[in-house]
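Q: only the shape, not the letters, is given here:
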């Protein structure tokens, strides 16, 4: 890259400090990069980089720890909320976040996320839902849409057999324990701005030792969906967002003395 | 120091606290639930952390997260629960994290029963989870020794940055014996925990992981952890000899409570003029292989007998140690049945008569 | 090497475990090695609760004792199950208030103690275990009378009324067994 050194140049867009200078391995059109950046910007803005610890999942974002300039743990598949619980309980001064895909969180790790949320563990979960297993090559996930063709649902997801896609925000928001649960998307600039705000709220909740927070981000997988990046963002709008409505599902209530 | 009467499970819990193990994650399972019950009361008093997890799968992974901070963390469970933790144990071995796991064994396979057994020897010493790794495995034979080895376990886990397993049969957990706790836990100095996850303040970010997609990097990680296992073999073999002498006709190899039953048999037979020696491995891994080989090779030893509460697990290692120099026999009961001294005695006498030669 | 093993057996709720633990504590008081082990084996099935205590001058081997020297039985099923296993020359303390049979063994000292009757007379049926423990110590002197009394004071000293009652029934059990033994010797 040619460096332009010009005294008249002012930097208006820089790499967040919470990012390392690695190039990501994600496919063209994948929105992991956007979501990573929103998390990194938030860490910078809240000035928490030096006490933040990420917990990486198993899935496409398994190598997330290479892209951030913060301490990281790499979790077994689905167990990130358990690792985060351990970390946060013994070192409550740390800011802990898990970054998990839909196979990781909604399938193999469902028990861990439900119980972490129900215990009200004071960490933050970024849940990236792209309706498919990406890393292993496009298999059906618990979040795969009805009729969606994947390598393990070649005739389309049959809801009689595989059940309906799991709506994690709705499921977790039934818990009595206070928490912050919001679903957002990153397929348009407007939605990206909203997502940033949601992620910031989730981290702020943790800084305030307030509650467990989970932000579900509707994401794309052009490679495994067999679509171009533009078609993929449209697919989020037309197929996913009607079934996975955006919005805040749960907010921490004012503290009630029991 | 005063001697107090304590149940094994509670004594182990108190020992952990005395060794600074004040971060505990667990799921209830018989016959060790008293460990967690005791700690649920005690840990808040000492500013510790007590988390009852949703499953042993979660327990293992909570330990993984907590251990990465460099603080002393532990759990206790029983056989089926320890099976569920194997995932995290493998990851922690790969990521080189210190943790202490107490397994108060019950009979298996499957749900098995809740009575004493030693049927997790293979699981404990031969991997248990996937991958090329070892655990340091300590096996107490009394409540006092359970206290001492639990405390030592925390030290060794830190020293080698490796999970340590303390295994006792159900009796160790359930019986009461007098115990003494040291007023102060003295341990040799340990290296600084520069690997601990504390937030990247004033240093480069740390990554605690076991993923190495580059085969050379993965092999290198295995070489590094293997070197630690060699050090453990050099430094951490522990065993006890009981009435081993040149008069012995037979060497018994037995561990845990089972070894104490053998001790009673040896005392009884000594009075009748039959001399038997006992080698009790205290560290099951690293295994006192050379020591068994040396004792078994002595000319007065006619046979070697391994006695276990299993269908025969440690006997494979004893067999390997003896290298075919002497006949190696096995006696064991399972299902929660503890071999009575009378049964062991009868087997010894038959073997020495040559009636049951292999 | 001197070692004594005793099994306490009865229904759950008769204070079996506590009686055994008190004996173990008494052993510690006298500087001895002790093991207390609760019902833990296939025999747990069938509703009897039992524990075994070993008191020894030296290191204790097997904590599992199939043939104890002493047996303290609180109900009939326990007598039927454990009495045949007592070592010859041993001692059996039988709660004769609830057990209408005897062991039929002539190679052991068998002492019949109407423990429930004594307890009811003393004012609290829950003290049965203390009477039986007192009787056992009276018959065997595995620990001394003074140690036992000291221990009862230490472990049960919180409520004065209860302590006095316990001291009284332990003493009664102890002396009941002593005189029963003397009677046996004379006979």
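A: Received the coordinates, thanks. Being a predicted model, the structure only gives us computed values, none of them experimental.
Q: so who does residue B:315 touch?
A: Residue B:315 is in contact with B:306, B:308, B:328, B:330, counting by C-beta atoms under 8 Å, 6 or more residues apart in numbering or on different chains. Using the backbone N, CA and C atoms, a C-beta is placed for each residue, glycine as well.
Q: which one among these gets closest to residue B:166?
A: Taking C-beta to C-beta as the measure, residue B:166 lies nearest residue B:308 of the contacts of residue B:315, at 17.6 Å.
Q: partner strands of the helix or strand harbouring residue C:5, parallel or antiparallel?
A: Taking DSSP states H and E as the definition, residue C:5 sits inside strand C:3-11. Counting by DSSP bridges, the strands paired with strand C:3-11 are strand C:48-56 (antiparallel), strand C:70-73 (parallel).
Q: any chance of CSV for the ones you listed, columns mean pLDDT and mean neighbour count?
A: Formatted as CSV, the strands paired with strand C:3-11 follow (pLDDT from 0 to 100; neighbours: other C-beta atoms under 10 Å in any protein chain shown):
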stretch, mean pLDDT, mean neighbour count
strand C:48-56, 93, 24
strand C:70-73, 98, 28
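Q: turn those strands into TSV, including distance to residue B:50.
A: As requested, these are exported to TSV (distance: least, C-beta to C-beta, whole Å):
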stretch	distance to residue B:50
strand C:48-56	29
strand C:70-73	38
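Q: dump the contacts of residue B:315 into JSON lines; add secondary structure and neighbour count as well.
A: Converted to JSON lines, those look like this (DSSP: H, G, I helix; E, B strand; the rest coil; neighbours: other C-beta atoms under 10 Å in any protein chain shown):
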{"residue": "B:306", "secondary structure": "strand", "neighbour count": "26"}
{"residue": "B:308", "secondary structure": "strand", "neighbour count": "27"}
{"residue": "B:328", "secondary structure": "strand", "neighbour count": "23"}
{"residue": "B:330", "secondary structure": "strand", "neighbour count": "20"}
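Q: select the longest helix from the chain.
A: All of this refers to chain A. Counting residues, the longest helix found in chain A (DSSP state H) is helix A:189-207.
Q: hm, I was asking about chain C
A: Chain C, longest helix under DSSP H: helix C:160-186.
Q: buried ones in it, by neighbour count?
A: For helix C:160-186, a neighbour-count test (16 or more other C-beta atoms under 10 Å in any protein chain shown) marks C:165-174, C:176-178, C:180-181 as buried.
Q: nearest to chain B within chain C, name that residue for me.
A: For chain C, the residue closest to chain B is residue C:61, as judged by C-beta to the nearest C-beta, at 3.4 Å.
Q: ok, how many other residues are close to that residue?
A: 24 (other C-beta atoms under 10 Å in any protein chain shown).
Q: re the thing from before, show me the two of the contacts of residue B:315 that sit farthest apart.
A: Farthest pair in the contacts of residue B:315, by C-beta to C-beta: B:308 and B:328, 12.5 Å.
Q: nearest residue to residue A:194 in space, ignoring adjacent ones along the chain?
A: residue A:184 (5.4 Å; C-beta to C-beta, 6 or more residues apart in numbering or on different chains).
Q: sec struct for the one you found, please.
A: Of the three states, residue A:184 takes strand according to DSSP: H, G, I helix; E, B strand; the rest coil.
Q: ok, it - contacts?
A: Applying C-beta under 8 Å, 6+ apart, the residues near residue A:184 are A:191, A:194-195, A:198, A:215-218, A:246.
Q: in chain B, which spans are helices?
A: Under DSSP H, chain B gives helices at B:8-18, B:33-45, B:56-67, B:79-84, B:86-95, B:121-125, B:143-160, B:170-174, B:215-235, B:256-271, B:289-297, B:314-322, B:341-353.
Q: can you put those helices in a markdown table and add mean pLDDT?
A: Below are these laid out as a markdown table (pLDDT from 0 to 100):
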| stretch | mean pLDDT |
| --- | --- |
| helix B:8-18 | 97 |
| helix B:33-45 | 95 |
| helix B:56-67 | 98 |
| helix B:79-84 | 97 |
| helix B:86-95 | 98 |
| helix B:121-125 | 98 |
| helix B:143-160 | 98 |
| helix B:170-174 | 92 |
| helix B:215-235 | 97 |
| helix B:256-271 | 97 |
| helix B:289-297 | 98 |
| helix B:314-322 | 98 |
| helix B:341-353 | 94 |
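Q: for stretch C:77-92, measure first residue to last.
A: 14 Å (C-alpha to C-alpha, to the nearest Å).
Q: ok, now stretch B:173-185?
A: Using C-alpha to C-alpha, first and last residues of stretch B:173-185 are 22 Å apart.
Q: which other residues reach it?
A: The set of residues external to stretch B:173-185 that reach it, using C-beta under 8 Å, 6+ apart, is B:1-9, B:11-12, B:14-15, B:18-20, B:31-32, B:34-35, B:104, B:116, B:142-144, B:147, B:151, C:21, C:24, C:28, C:33-38, C:40, C:63.
Q: check stretch B:41-60 too.
A: A:79, A:82, A:85-86, A:89-90, A:111-112, A:114-115, A:119, B:13-14, B:17, B:22-29, B:36, B:39-40, B:62, B:66, B:75, B:77, B:81-89, B:92.
Q: cool, and stretch C:96-116?
A: Residues contacting stretch C:96-116 (C-beta under 8 Å, 6+ apart): C:73-76, C:79-80, C:83-84, C:86, C:88-95, C:117, C:125, C:128, C:131-132, C:135, C:139, C:173, C:176-177, C:180-181, C:184.
Q: how distant is that stretch from the center of its chain?
A: Chain-centre distance of stretch C:96-116: 13 Å, with C-alpha atoms, centre = their mean, to the nearest Å.
Q: mean confidence for that stretch?
A: Averaged over stretch C:96-116, pLDDT sits at 96.
Q: quote the end-to-end distance of it.
A: End residues of stretch C:96-116 are separated by 8 Å (C-alpha to C-alpha).
Q: what about residue B:157, how many residues nearby?
A: 26.
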